[in-house]
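> below is the sequence, then the predicted model.
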Amino acid sequence: VATTLQRDGSDYSAAIIAKLLQSAYQPKHEPTTTSPEPEPSTICHNVTIWTDVDGVLSADPRRVPSAQILPEVSYNEAMELAYFGAKVIHPKTMQPAISATPQIPIYIRNTFHASYRGTRIFTSSTTHTDRDKCVCGFSSVEHMALINVEGSGLIGVPGVAKRMFGALEAAGVNVVLISQASSEHSITFCAVEQQALTAKTAIEEEFHKELKNNRINQVDIQAPCSIIAAVGDGMSATAGVSGRFFSALGDAKINVLAISQGCSERNISAVVMTSESTRALRAVHAAFRLSHTTVRVGIIGDNEIGDSLLKLLAVQRNKIRESYEVDLQVCVVAKDGTAKELVTLQNNQTGSSDSITVSAYSMATGKSSQTASDGSVEFNNATDVAQLIPVDNISNDFTQHLISDECAHHIIFDCTDQDEVGQMHAGWLREGIHVVTANPSGLAGPPERRDAIFKAASMYGKLSANYLRGVTVGGALPCIDILKSLLNSGDRIKRIDGILSVSMSYIMYRISPPLYATECMEFDEVSSKGFFKGSDMPTSQLGEKAVSLSEAVKEAVALGLMEEDPGKDLNNNYCAQVMLVLTKELGLDNSKITSNQIVEMSEKLIKGKAIVDYKNISKEIDDDIQNRVDAAKAKGCVLRHIASVDVKSQSIDIRIVEVPGSHVFAATPPSCECVRFFTERHRRFPLIIQGPSAGADSTASALLAEVLSLMRSKVGPKSGALSRTTSSRDVLLSQQ
């Protein structure tokens, strides 16, 4: 009777024939080095299964697009992967090859890619030699139901499990996974979702007396569920595997419903809700270095900082993927906090490698491209990457296009100085989005806003979204990081003061330059053997000749050192916000003070007056400032814009100060900041941080550095964190 071999029948037949060929060979004598037995043509060297894929994959590529072809796996690993849904080979196909003497390797190769070596299935795999990749792959079983039976009547009662699983056997229910705690208060198992009600009915009938007497509380069903399984021979006796597995699920905000692991340590299984299974697979796959971790990024701010950040993310994308195994994918960009349009990816499906670059953004918005020679990496044609779409509510629509349920990490960069955007920070944090901000208005806003931000940043404990605000104080200088390090190491900060506004640093340097500025720069250029290039600075900054306030402001605006509204710099609004952030980091009670109150108490360039029109500063104002400069110069001093916070008195001060010509504040170069920390340990001589902190490129680099520091803690540890240990089984064997 003619018939087909059915699914995997040809593979199974090939394995059987291979075993028969292997067993047909009977050597006449034991081979030796001097008289080796010739290999007859009947001996079988391997079995090759030709299919439509390149080999065994580390995960389902439809759910984990970055899944890799495994060069080799063991029989046991292939068995586990095949059971948990890998369709490339059936478990029964391997049985003849395993039982043959000697065992026969199996190759999985692609009919349409015959030159590719494929995957070798044999006795061992690379999971034994590569500690960091002790897991060879991940699989899942879908359409499952989790059934939980609990009650005091289960504790210490012999035969309960026998009765339960006997009833399930009689009802024809196949149990896929079993989990029971040592307290014996409950028994949990997984079955196919279609059999869940049958299983529940069978258990209720078997234990009807216990249910009636409340010795068993209830029989619960959770569905639909999925079983996520980590498979690898190398997990045996390797410390830290379970920790990394469940940490990855926790960081991805996946709730684990049940856990199971056999003593062979070849498989760790966790039950999760089906709606979270794809995100769970991607999280654990990346945690074990089988792929990179994708981070979906949103940027608010179509300005110099935003453009520099977009360019930097494109240029560094490949390097970050190689060094950190993190892929920063820009998915949505907004002009500002009041925008009525968004630029989003045309293909915004999770798994796409597209990312918005400056070129793509310019084409979508109709702006002239600024990146013809920026060296950015275009993963696709820029014309096909981004699109411009209208929005009604930027706060809701922005996150709607950013968040994907299948992605574990989402980040928003706030490159603006807008109060409207600062109001959104707390909401983003509550949605689980990490916020990286150069905008101090979030923490410098009303007390309720500050409290809401910190509450949102801690509402889920260690799983809360992070609020990264290091750039809000000192720009690219690590002021907040150093402040935290001092406090965490047990030091006590008494006072912080310094030049904390880049624009005012430049303006004050230009209207009141220090003595011997040119000589100092020439000395630095010679002593640094050319690393310091004073000659590269604008000619106007090299001389010691003072300019008027109006000229200095025009220069600062032209150099991009001012806020989008320069009046915020000139009238101390920006500096007041920075000081509020500092007081919060110092743990001071700033709940009763606002940035506007600090501005009112601060000293302006024009005493008692605010500069309204920075473009048309009158000659009267220029003359008044010049008189102050001359008066300071007569004393051997220069004018500097100094902000300070005193911890003991909890006072904030912003003043125009006459600084001695030899003081560090006087010598601080234009457009640089200088911050001093007076502490218990640095009492006599303060700890000083000085350097350029602004400019779009410096700020963008500082923002990116904050993200990389965050992701280093989120992504699994590098090689060496997992190490071999002696298992309890090995100890017992050694004692026998």
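Perfect, I can see it now. These numbers were taken from a predicted model, which means no experiment stands behind them.
> enumerate every residue touching residue 303.
415-416, 564, 696 (CB atoms under 8 Å, 6 or more residues apart in numbering). In this view, the C-beta of every residue, glycine as well, is placed from N, C-alpha and C.
> could I get those as a markdown table with distance to residue 265 and neighbour count?
Output for these, formatted as a markdown table (distance: CB to CB, whole Å; neighbours: other CB atoms under 10 Å):
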| residue | distance to residue 265 | neighbour count |
| --- | --- | --- |
| 415 | 48 | 28 |
| 416 | 51 | 27 |
| 564 | 58 | 12 |
| 696 | 52 | 18 |
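> so which of these are in helices?
Counting by DSSP state H, the contacts of residue 303 place residue 696 in helices.
> from the contacts of residue 303, which is closest to residue 573?
Distances from residue 573 to these, taken as CB to CB, are shortest for residue 564 (11.9 Å).
> which non-adjacent residue is nearest the closest one?
The spatial neighbour of residue 564 that comes closest, neighbours along the chain excluded (CB to CB, 6 or more residues apart in numbering), is residue 417 at 5.7 Å.
> over to residue 67?
residue 59 (4.2 Å).
> what strand or helix carries the one you found?
Using DSSP states H and E, residue 59 sits within no helix or strand.
> burial check on it, number of neighbours?
By other CB atoms under 10 Å, 24 other residues sit near residue 59.
> pLDDT weak spots in the stretch 451-600 of the chain?
Scanning the stretch 451-600 of the chain for pLDDT under 70 picks out the ranges 517, 530, 532-544.
> let's see it at 50
539-540 (pLDDT under 50).
> if we can go back for a sec, mind listing what the residue nearest to residue 564 touches?
Contacts for residue 417 were tallied using CB under 8 Å, 6+ apart; they are 439-441, 563-565, 568, 574.
> and residue 287, by the same measure?
For residue 287, the contact set (CB under 8 Å, 6+ apart) comprises 244-245, 247-248, 293, 715-716.
> one more: residue 442?
Counting by CB under 8 Å, 6+ apart, residue 442 has contacts 414, 422-423, 425-426, 435, 449-450, 453, 467, 469.
> quick revisit: I'd like the contacts of residue 303 as TSV, with distance to residue 388 appended.
What follows is the contacts of residue 303, written out as TSV (distance: CB to CB, whole Å):
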residue	distance to residue 388
415	19
416	19
564	22
696	23
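> tell me which of the contacts of residue 303 has the lowest pLDDT.
Least confident of the contacts of residue 303 in the model: residue 564, at 73.
> what are the ranges of the helices in the stretch 551-700 of the chain?
567-570, 573-585, 595-601, 619-634, 664-667, 696-714 (DSSP state H, counting those that start in this stretch).
> buried stuff in the longest one?
Going back to what we said before, that points to helix 696-714. Buried residues in helix 696-714, counted by 16 or more other CB atoms under 10 Å: 696-707, 710-711, 714.
> just the closest of the residues you listed to residue 666, please.
Nearest to residue 666 among the buried residues of helix 696-714, with distances taken as CB to CB, is residue 698, at 22.9 Å.
> touching, the closest one and residue 475? I think so.
Yes. Assessed by CB atoms under 8 Å, residue 698 is found in contact with residue 475 at 6.5 Å.
> hmm, which helix or strand of this structure has the shakiest average pLDDT?
helix 728-735 (a mean of 45; mean pLDDT, DSSP states H and E).
> so residue 559 sits against residue 506, correct?
Yes. Residue 559 lies in contact with residue 506 (CB under 8 Å); the separation is 7.3 Å.
> who's more crowded, those two?
Shown here are residue 559 and residue 506; by other CB under 10 Å, residue 506 has more neighbours (24 against 18).
> most neighbours among the contacts of residue 442, which one is it?
Highest neighbour count within the contacts of residue 442: residue 414, with 30 neighbours (other CB under 10 Å).
> pull out the buried positions in stretch 224-233.
In stretch 224-233, counting by 16+ other CB under 10 Å, buried: 225-233.
> those residues into CSV, with extra columns for secondary structure, pLDDT and distance to residue 524?
Formatted as CSV, the buried residues of stretch 224-233 follow (DSSP: H, G, I helix; E, B strand; the rest coil; pLDDT from 0 to 100; distance: CB to CB, whole Å):
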residue, secondary structure, pLDDT, distance to residue 524
225, strand, 94, 66
226, strand, 93, 62
227, strand, 93, 64
228, strand, 92, 58
229, strand, 89, 61
230, strand, 89, 56
231, strand, 88, 60
232, coil, 85, 56
233, helix, 83, 60
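> follow-up on the earlier one: restricted to helices, list the contacts of residue 442.
Reading helices off these with DSSP H, I get 422, 425-426, 449-450, 453.
> all helices for the stretch 301-450 of the chain, in order.
304-324, 358-365, 394-402, 419-422, 425-430, 447-456.
> average pLDDT across the fifth one?
Helix 425-430 shows an average pLDDT of 94 in the prediction.
> output the contacting helices and strands for it.
Helix 425-430 makes packing contacts with strand 434-437, helix 447-456 when contacts are defined by 3 or more CB pairs under 8 Å, 6 or more residues apart in numbering; DSSP states H and E.
> give me the contacts around it.
Outside helix 425-430, the residues that reach it (CB under 8 Å, 6+ apart) are 395, 399, 412, 414, 435, 437, 442, 449, 452-453, 455-457, 459, 464-465, 467.
> with adjacent residues omitted, what lies nearest to residue 572?
In this structure, residue 572 finds its nearest non-sequential neighbour in residue 602, 4.4 Å apart by CB to CB, 6+ apart.
> my read: that neighbour touches residue 570, true?
No. Residue 602 lies out of contact with residue 570 (CB under 8 Å); the separation is 11.5 Å.
> higher neighbour count, the two?
Neighbours per residue (other CB under 10 Å) separate residue 602 from residue 570, with residue 570 holding more: 26 against 20.
> correct me, but the more buried one touches residue 552?
No. Using CB under 8 Å, residue 570 is not in contact with residue 552; the gap is 10.6 Å.
> stretch 681-692 - what's its average pLDDT?
Stretch 681-692 comes out at a mean pLDDT of 89.
> now do the end-to-end distance for that stretch.
By CA to CA, to the nearest Å, the extent of stretch 681-692 from end to end equals 26 Å.
> hmm, who's touching that stretch?
Against stretch 681-692 from outside (CB under 8 Å, 6+ apart): 474, 476-479, 482, 486, 491, 494, 502, 664, 668-669, 671-679, 698.
> can you list the buried residues in it?
Neighbour-count burial for stretch 681-692 [16+ other CB under 10 Å]: 682, 686-687, 689-692.
> got it, and stretch 458-475?
464-475.
> so where is the chain shaky, pLDDT-wise?
Judged by pLDDT under 50, the stretches of the chain that qualify are 1, 38, 40-42, 370-380, 539-540, 717, 719-720, 726-733, 735-736.
> picking that back up, so which of the contacts of residue 442 is the closest to residue 205?
Nearest member of the contacts of residue 442 to residue 205, counting by CB to CB, is residue 426, at 52.7 Å.
> leaving out sequence neighbours, find the closest residue to that closest one.
residue 452 (4.0 Å).
> could you do residue 483 as well?
Nearest to residue 483 is residue 585, by CB to CB, 6+ apart, at 5.5 Å.
> my read is that the one you found contacts residue 482, right?
No. Residue 585 is beyond contact range of residue 482, at 10.7 Å (criterion: CB under 8 Å).
> which one's more surrounded, the two?
residue 585 (21 against 16).
> what residues does that one make contact with?
473, 480, 483-484.
> JSON lines for those, including distance to residue 267?
What follows is the contacts of residue 585, written out as JSON lines (distance: CB to CB, whole Å):
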{"residue": "473", "distance to residue 267": "49"}
{"residue": "480", "distance to residue 267": "45"}
{"residue": "483", "distance to residue 267": "47"}
{"residue": "484", "distance to residue 267": "42"}
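> related to what we said a few turns ago, compare the helices of the stretch 551-700 of the chain and give me the one nearest residue 650.
helix 573-585 (7.7 Å).
> quick check: buried residues in stretch 617-630?
617, 621-622, 625-626, 628-629.
> follow-up on the earlier one: point out the most buried one among the helices and strands packed on helix 425-430.
The highest mean neighbour count among these, using mean count of other CB atoms under 10 Å, belongs to strand 434-437: a mean of 25.
> good, wrapping up.
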